[in-house]
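Peer 1: Quick one: sequence plus predicted model below, questions after.
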Amino acid sequence: MKLLLTGCTGFIGRELIPLLIKEGHSLTVISRQSKDNLKKLANNSKIKFIQMNTIDSSSWNTEEVQNSLKSCEGVINLAGEPIAEKRWTVDHRKVISDSRVKTTKNLIRNLCNLKKSPKVLINASAIGFYGSHPQAEFTEKNIAGDDYLANLCQEWESISRDKPRATRLLIVRIGIVLAKDGGALGKMLPIFRAGLGGPIGDGKQWMSWIHRTDLCNLINESVKNSSWSGVVNGVAPNPVRMNEFSNSLGKRLGRPSLLAVPAPILKLILGDGARVVLEGQNVKSQKLNKFKFKFSFPTINDAFKEILT
């Protein structure tokens, strides 16, 4: 299948793009990065790279982009600035929002102008859709929360639903993605290896996670399987509390996990962005059970065993 990808050149794309190529797909990858940097990610004759600013509506009007849109049979839109890496200043909130909302608006507008619609659109969202709660369990049936991230996810998802009528839509609400070369775990590993790691905050908050390999397999299956549509929570079947996550990681590394990171210090560093790790949510996926999706790494110990071997 000819696939158009946005936002797939970072942490998730490093594994997703090789998988899609292995599956026999031809890819057009749109990114703000230079073509030279993109070719370092994957230099393959089945990949076409287009450097552009997806937030700028006029950048979608070039002949190269329009021809790629016309020829694509499926679209994977994972575009979005990382949420928990910087303080949520007014300017950074705009970056977080625009990278998702404006990119998706531009994408949907252009898809709706095509004479022949793509067969499928896989659009990212996040489990932040549900808001945070210390006790409640959330599935795809739950309504949205009412904080900044929940409102952003609602707007992001709403825009994607304006896709062409003939295009199948699957929205993936992605949890905390784990792999050793980036994401949350990539930042934690040096600290834990030095014996300085431990729970963040009180350690009781939930972490609804997924191994990157399982997420990439989920996206790949979403492209192939025409019965998959609607919303799915991209999370492993066994969420854990922060204490268990830290203890399991420390044990796997042979390092103690005793030194908790106090919430005030994290808030001082990240501001509102600290909420992502201080206020978790217990999210599971009834849809993936219904779809009979098989996880390679269903437990946190399974994930750590693969990542840290």
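Peer 2: All right, it came through fine.
Peer 1: how close does the residue lying closest to L249 once chain neighbours are set aside get to S125?
Peer 2: Nearest residue to L249, sequence neighbours excluded (CB to CB, 6 or more residues apart in numbering): F192, at 5.7 Å. From N, CA and C alone the C-beta is placed, and that goes for glycine too. As judged by CB to CB, to the nearest Å, F192 and S125 stand 30 Å apart.
Peer 1: re the thing from before, what's the helix or strand for the residue nearest to L249?
Peer 2: helix 183-193 (DSSP states H and E).
Peer 1: so after that helix, what's the next helix or strand?
Peer 2: Counting by DSSP H and E, what follows helix 183-193 is strand 206-207.
Peer 1: So what are the sheet partners of that following strand and their directions?
Peer 2: strand 240-241 (antiparallel) (DSSP bridges).
Peer 1: Downstream of the strand it pairs with, the next helix or strand is which one?
Peer 2: Scanning forward in sequence from strand 240-241 by DSSP H and E, the next helix or strand is helix 242-253.
Peer 1: roughly how far is that next one from the heart of the chain?
Peer 2: With CA atoms, centre = their mean, to the nearest Å as the basis, helix 242-253 stands 23 Å off its chain's centre.
Peer 1: what packs against that helix?
Peer 2: Packed against helix 242-253 by the contact rule (3 or more CB pairs under 8 Å, 6 or more residues apart in numbering; DSSP states H and E) you find helix 183-193, strand 206-207, helix 300-307.
Peer 1: residues in contact with that helix?
Peer 2: 185, 188-189, 192-193, 197-201, 203-207, 209, 240, 256-257, 277, 280, 300-301, 304-305, 308 (CB atoms under 8 Å, 6 or more residues apart in numbering).
Peer 1: Give me the buried entries from those residues.
Peer 2: Among those, those classed as buried by 16 or more other CB atoms under 10 Å are 185, 188-189, 192, 197-201, 203, 205-207, 209, 240, 257, 277, 280, 300-301, 304.
Peer 1: Not counting sequence-adjacent ones, nearest residue to F297?
Peer 2: H211 is the one closest to F297 (CB to CB, 6+ apart), at 3.9 Å.
Peer 1: measure the one you found to K204 for me?
Peer 2: 23 Å.
Peer 1: Which parts of this protein are helices?
Peer 2: 13-22, 35-41, 63-71, 90-112, 148-160, 183-193, 212-224, 242-253, 263-270, 275-278, 286-290, 300-307 (DSSP state H).
Peer 1: In JSON lines, list the ones you listed along with distance to N142 and mean pLDDT.
Peer 2: As requested, the helices of the chain are exported to JSON lines (distance: least, CB to CB, whole Å; pLDDT from 0 to 100):
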{"stretch": "helix 13-22", "distance to N142": "27", "mean pLDDT": "94"}
{"stretch": "helix 35-41", "distance to N142": "36", "mean pLDDT": "65"}
{"stretch": "helix 63-71", "distance to N142": "34", "mean pLDDT": "97"}
{"stretch": "helix 90-112", "distance to N142": "21", "mean pLDDT": "96"}
{"stretch": "helix 148-160", "distance to N142": "11", "mean pLDDT": "96"}
{"stretch": "helix 183-193", "distance to N142": "23", "mean pLDDT": "78"}
{"stretch": "helix 212-224", "distance to N142": "20", "mean pLDDT": "98"}
{"stretch": "helix 242-253", "distance to N142": "22", "mean pLDDT": "89"}
{"stretch": "helix 263-270", "distance to N142": "26", "mean pLDDT": "66"}
{"stretch": "helix 275-278", "distance to N142": "19", "mean pLDDT": "72"}
{"stretch": "helix 286-290", "distance to N142": "10", "mean pLDDT": "97"}
{"stretch": "helix 300-307", "distance to N142": "23", "mean pLDDT": "96"}
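Peer 1: can you tell me which of the ones you listed comes nearest to I47?
Peer 2: helix 13-22 (6.9 Å; CB to CB).
Peer 1: buried residues in that closest one?
Peer 2: G13, R14, E15, L16, I17, L20, I21.
Peer 1: Then stretch 50-61?
Peer 2: I50, M52, T54, I55, S59, W60.
Peer 1: tell me how far that stretch is from the chain's mean position?
Peer 2: Distance, centroid of stretch 50-61 to centroid of chain: 21 Å (CA atoms, centre = their mean).
Peer 1: swap in stretch 191-203?
Peer 2: With CA atoms, centre = their mean as the basis, stretch 191-203 stands 24 Å off its chain's centre.
Peer 1: just stretch 175-184 next, same as before
Peer 2: 10 Å.
Peer 1: Pull that stretch out as CSV, backbone CA atoms only.
Peer 2: Output of stretch 175-184 as CSV, limited to C-alpha atoms (Å, rounded to 0.1, in the frame of the first residue of the first chain):
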residue,chain,number,x,y,z
GLY,A,175,-0.1,5.8,26.5
ILE,A,176,3.5,6.1,27.8
VAL,A,177,5.7,4.5,25.1
LEU,A,178,8.7,2.5,26.3
ALA,A,179,11.9,1.8,24.5
LYS,A,180,15.6,2.3,25.5
ASP,A,181,16.5,4.9,22.9
GLY,A,182,14.1,7.7,23.8
GLY,A,183,10.8,8.6,25.4
ALA,A,184,10.3,8.6,29.2
